[in-house]
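> only geometry, no sequence info:
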Ligand code: AMP
Ligand code: ZN
Ligand code: FE
Ligand code: FE
């Protein structure tokens, strides 16, 4: 069974519609796919229809923007109740804070890229009420001819080390974990310790911070992901054994031209998916 639990559509910063993603998922031979757009459940209904068309099992999810001790942490929420009012409210606030951050980002960038306006960024948002972020700024800059591809903008002015960078906001990670549980969902940390790869030094602080989130109700983390390095994988796997956590693997697909990640490049075992299903009661997996 080929199970991929992390993908993005045009409802957030993916380049393809939900229909296109499920078409590609079928071509890639996936049996199970989760749609996990940033801070929104807007694509779920469409995903149910498209998944059924292709005989693919659909897992409803969200990737929630959170922050822990100054570090940006992405929290996947599987199977939460999308009608749970406190969750709806917090997601709305996070989307609004994304919007404000993008506006500030654009102001920063205008000092060097004078043609760039907020309207150019808005023009790249194809869906109503979707979650804007750096990828949309990147698309706007490509459209204006400053760069040839999203990746080049991320390697340049949108890099975290760039003078233009503004970190994302988000809810406190511990609060997010509790909120997801209260909504009947299963919180799984996305790409933990991502991109730290080579220069990662794991300290007692890491352990303290992870235990804080585990004690709040974390179910597990996405250890098999292209941005999680070998050292982190090894350490996280040890911690997962100690606390009996779920380990997942996913592509974090953003479309063929959105990011290099390809559907099914990392996968989750059926056993792990069953453990997620057993803990989630806010919404259901649509089994094919
Ligand atoms: P933000 O959340 O606004 O800071 O933007 C970061 C998001 O952009 C992450 O979810 C990335 O997965 C996504 N992203 C999309 N395309 C790219 C790309 N080409 N390079 C890096 N990140 C990307
Ligand atoms: Zn994304
Ligand atoms: Fe992420
Ligand atoms: Fe993602």
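The structure has been received and is ready for your questions. As the structure is a prediction and not an experimental result, all values here were calculated from the model. Ligands and ions are numbered 1, 2, ... in the order given.

> Tell me where the stretch 151-288 of the chain is predicted with low confidence.
196-198 (pLDDT under 70).

> Looking at it, what residue ends up closest to ligand 1?
Residue nearest to ligand 1 within the stretch 151-288 of the chain: residue 154 (3.7 Å; C-beta to the nearest ligand atom). Where C-beta positions appear, they are placed from N, C-alpha and C, glycine not excepted.

> wait, doesn't that residue sit right on residue 134?
Yes: under the criterion of C-beta atoms under 8 Å, residue 154 makes contact with residue 134 at 7.2 Å.

> Tell me which of those two has more neighbours.
Higher neighbour count among residue 154 and residue 134: residue 134, with 22 against 18, using other C-beta atoms under 10 Å.

> measure the more buried one to residue 159 for me?
According to C-beta to C-beta, to the nearest Å, residue 134 stands 10 Å off from residue 159.

> And for residue 97?
Computed as C-beta to C-beta, the residue 97 to residue 159 distance reads 21 Å.

> higher neighbour count, the two?
residue 97 (16 against 13).

> Return the per-residue confidence for the residue sitting nearest the centre point of the chain.
Geometric centre of the chain, nearest residue: residue 63, 4.0 Å, by C-alpha atoms, centre = their mean. Residue 63 carries a pLDDT score of 98 in this model.

> now the one 10 residues further on
Model confidence at residue 73, given as pLDDT, is 96.

> three-state assignment of it?
strand (DSSP: H, G, I helix; E, B strand; the rest coil).

> ok so, going back, what helix or strand does the residue of the stretch 151-288 of the chain closest to ligand 1 sit in?
Applying DSSP states H and E as the criterion places residue 154 in helix 150-155.

> before we move on, what about residue 50?
Going by DSSP H and E, residue 50 is in helix 44-54.

> Of all the residues in that helix, which ones are buried?
Neighbour-count burial for helix 44-54, counted by 16 or more other C-beta atoms under 10 Å, picks out 44, 46, 47, 50, 51, 54.

> What helices and strands are in contact with the helix or strand hosting residue 176?
Taking DSSP H and E as the criterion, residue 176 maps to helix 173-182. Applying 3 or more C-beta pairs under 8 Å, 6 or more residues apart in numbering; DSSP states H and E, one finds that helix 173-182 contacts strand 57-68, strand 71-78, helix 85-110, strand 186-189, helix 204-216.

> which outside residues touch it?
Residues outside helix 173-182 that contact it (C-beta atoms under 8 Å, 6 or more residues apart in numbering): 64, 66-68, 73, 75, 77, 80, 84, 86-87, 90, 170-171, 186-187, 212-213, 216-218.

> and what of stretch 267-280?
1-5, 32, 59, 78-80, 184-186, 188, 219-220, 224, 246-250, 285.

> Which secondary structure state is assigned to residue 248?
strand.

> which residues does it contact?
Contacts of residue 248 (C-beta under 8 Å, 6+ apart): 5, 188, 220, 221, 222, 223, 224, 268, 272, 276.

> quick one, what contacts the residue in the chain that ligand 2 sits nearest to?
Going by C-beta to the ion, ligand 2 is nearest to residue 13 of the chain, at 4.3 Å. Contact analysis of residue 13 by C-beta under 8 Å, 6+ apart lists 38, 131, 132, 133, 134, 135, 136, 254, 258.

> ditto for residue 148
Contacts of residue 148 by C-beta under 8 Å, 6+ apart are residue 142.

> At the contact with ligand 4, which residues of the protein appear?
Contacts of the chain with ligand 4, taken as C-beta under 5 Å from the ion, map to 63, 252.

> tell me the secondary structure for the residue of the chain positioned farthest from its centre?
In the chain, counting by C-alpha atoms, centre = their mean, residue 114 sits farthest out from the average C-alpha position, at 30.6 Å. At residue 114 the chain is in coil, as set by three-state DSSP.

> pLDDT at it, what is it?
97.

> What separation is there between it and residue 160?
Taken as C-beta to C-beta, the span from residue 114 to residue 160 is 23 Å.

> thinking again about what came up before, how about the residue of the stretch 151-288 of the chain closest to ligand 1: what's its closest non-neighbour residue?
residue 138 (6.1 Å; C-beta to C-beta, 6 or more residues apart in numbering).

> Let me know the helix or strand that the one you found is in.
helix 134-143.

> For residue 6, see how far away the residue in the chain that ligand 4 sits nearest to is.
For the chain, the residue closest to ligand 4 is residue 252, as judged by C-beta to the ion, at 4.4 Å. Going from residue 252 to residue 6 by C-beta to C-beta gives 5 Å.
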